[in-house]
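Undergrad: Show me how the following folds:
(one chain, ligands or ions: 1)
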Amino acid sequence: MKERIEALKHEIERALSEGRSLKDIKELQVRFLGRKGPIQELMLALRETSAEERPSLGQQINRLKEEVTEALHKLEKNFSSSEEEERLRQETLDVTLPGSYRPLGRKHPVSAMLDLVLEAHRDMGFSVQYGPDIESDFYNFEALNFAPDHPARDMHDTYYIEPGVLLRTHTSNTQVRLMEGHPPPIRIAAPGRCFRNEDITARSHLFFHQVEGIYIDRGVSMSDLVQTLEDLLHRIFSTQVKLRLRSSYFPFVEPGLEVDISCLACSGKGCTLCKKSGWLEVLGAGMVHPEVLKSGGIDPEEYTGYAWGMGIERLVLLKYGIDDIRLLFDGDVRLLRQFSFV
Ligand code: PHE
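TA: From the prediction side, this is the model:
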């Protein structure tokens with residue numbers, strides 16, 4: 001009997017050392033500890049031993065059973081944790097691998113400039129309001145001191161939708177609308193699309209954007225206008241620029257000005273961007289005409305004001321040294337990729 005116990009012990013030890021997986025261990029559990037297993041068999045065989053030997057043999061068999069149970073339990077634990085590890089290892093994501101590439105859209109330079117110009121206006125205390133693209137002859141022309149047969153109308157080649165209704169030719173169409181909506185003081189920037197029936201060339205397009213700035217209050221003077229423009233253009237071009245004012249004519253301002261800045265590329269020395277003049281024309285401006293104040297229901301004896309209109313595409317061309325406005329509307333990604341505004 002003793003030998004049988006020893007032999008079984010060896011057999012079990014060998015079998016356990018050969019177990020390679022959780023599955024093997026489960027099988028060994030059934031094989032050795034099951035009800036028809038060899039340990040149970042020895043227990044039954046105890047009956048045939050003598051009464052003196054029986055207690056110590058019984059103890060030996062019990063100890064063997066405990067040892068095997070414990071050894072299998074340990075192995076089971078080891079295998080289940082190493083198999084879990086293996087499973088996790090195979091599931092792991094390598095976060096250092098390069099991701100899949102998705103092309104990112106970005107802002108068009110005209111939108112980015114529009115944002116920049118409006119931001120500069122806001123920083124200077126102007127609020128932002130929008131006027132309509134489709135406009136009446138009244139707000140686009142008549143209220144701005146262009147009588148029906150005024151020759152200055154010829155400067156705007158206008159798209160008419162029906163008699164008296166047109167696509168606005170400038171953002172100045174908002175001036176009288178804003179005066180009607182607000183008692184002074186008025187300090188507003190009005191951005192928008194404009195349309196003129198012109199040939200598309202390197203310098204002009206039939207579709208473009210402007211931002212109108214308008215300020216009306218008591219005692220507003222021409223020197224306020226110049227000071228404000230200087231500050232505004234400094235913010236837009238992120239560099240100090242010199243201004244040159246040339247007298248010009250727009251029916252809705254008096255006096256009217258065309259405003260140039262010192263050339264951004266050559267600082268006034270003369271280059272191809274400024275056509276050797278040292279100056280770049282950036283906008284039209286002036287003191288709001290008394291007749292226009294009256295159209296907006298404002299007493300020109302009590303209030304004065306100034307206004308300007310800047311072409312956004314032109315600012316983009318100047319700021320980035322682009323020499324053809326058509327490039328901005330071709331949708332050519334080779335140009336757009338060179339800008340990374342977010
Ligand atoms: N509306 C004018 C234009 O489109 C610009 C302008 C605006 C001039 C305001 C003077 C005052 O050319």
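
Undergrad: Show me which residues of the stretch 201-342 of the chain sit near the ligand.
TA: For the stretch 201-342 of the chain, the residues in contact with the ligand (C-beta under 6 Å from any ligand atom) are Phe250, Val253, Gly256, Gly284, Ala285, Gly286, Ala307, Trp308, Gly309. Where C-beta positions appear, they are placed from N, C-alpha and C, glycine not excepted.

Undergrad: By neighbour count, which of the residues you listed wins?
TA: Ala307 (28 neighbours; other C-beta atoms under 10 Å).

Undergrad: if I've got this straight, that one is in a helix?
TA: No. The assignment for Ala307 is strand, going by DSSP: H, G, I helix; E, B strand; the rest coil, so no helix is present there.

Undergrad: residues contacting the nearest residue to it once chain neighbours are set aside?
TA: Nearest residue to Ala307 in three dimensions, chain neighbours excluded: Ile214, at 4.5 Å (C-beta to C-beta, 6 or more residues apart in numbering). By C-beta atoms under 8 Å, 6 or more residues apart in numbering, the residues touching Ile214 are Thr174, Gln175, Leu178, Ile186, Arg187, Ile188, Ala189, Ala190, Val288, Gly305, Tyr306, Ala307.

Undergrad: got a winner among the residues you listed for most neighbours?
TA: Gln175 (31 neighbours).

Undergrad: element containing it?
TA: Element membership for Gln175 (DSSP states H and E) is helix 174-181.

Undergrad: Next secondary structure after that helix?
TA: Next element after helix 174-181 (DSSP H and E): strand 186-195.

Undergrad: Next, the residues that contact that following strand from outside, please.
TA: With contacts defined as C-beta under 8 Å, 6+ apart, strand 186-195 is touched by 114, 117-118, 121-122, 125-131, 133, 159, 167-171, 174, 178-179, 182, 206-217, 305, 312.

Undergrad: chain center to stretch 223-234: distance?
TA: Here stretch 223-234 is found 31 Å from its chain centre; the criterion is C-alpha atoms, centre = their mean, to the nearest Å.

Undergrad: One more: stretch 204-221?
TA: On the basis of C-alpha atoms, centre = their mean, stretch 204-221 sits 28 Å off its chain's mean C-alpha point.

Undergrad: Kindly export it (C-alpha atoms) in CSV.
TA: What follows is stretch 204-221 as a C-alpha-only set of coordinates in CSV (Å, rounded to 0.1, in the frame of the first residue of the first chain):
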residue,chain,number,x,y,z
SER,A,204,-11.1,93.7,-60.5
HIS,A,205,-13.8,91.1,-60.1
LEU,A,206,-17.6,91.3,-60.4
PHE,A,207,-18.0,89.9,-56.9
PHE,A,208,-16.0,91.2,-53.9
HIS,A,209,-16.3,92.0,-50.2
GLN,A,210,-16.2,95.3,-48.4
VAL,A,211,-16.4,96.5,-44.8
GLU,A,212,-18.1,99.8,-44.2
GLY,A,213,-17.2,101.7,-41.1
ILE,A,214,-19.4,104.5,-39.9
TYR,A,215,-19.3,106.8,-36.9
ILE,A,216,-21.8,109.6,-36.1
ASP,A,217,-21.8,111.8,-33.0
ARG,A,218,-21.6,115.4,-31.9
GLY,A,219,-18.4,117.1,-32.9
VAL,A,220,-16.9,114.3,-35.0
SER,A,221,-14.1,115.8,-37.1
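
Undergrad: Okay then, goodbye and thanks.
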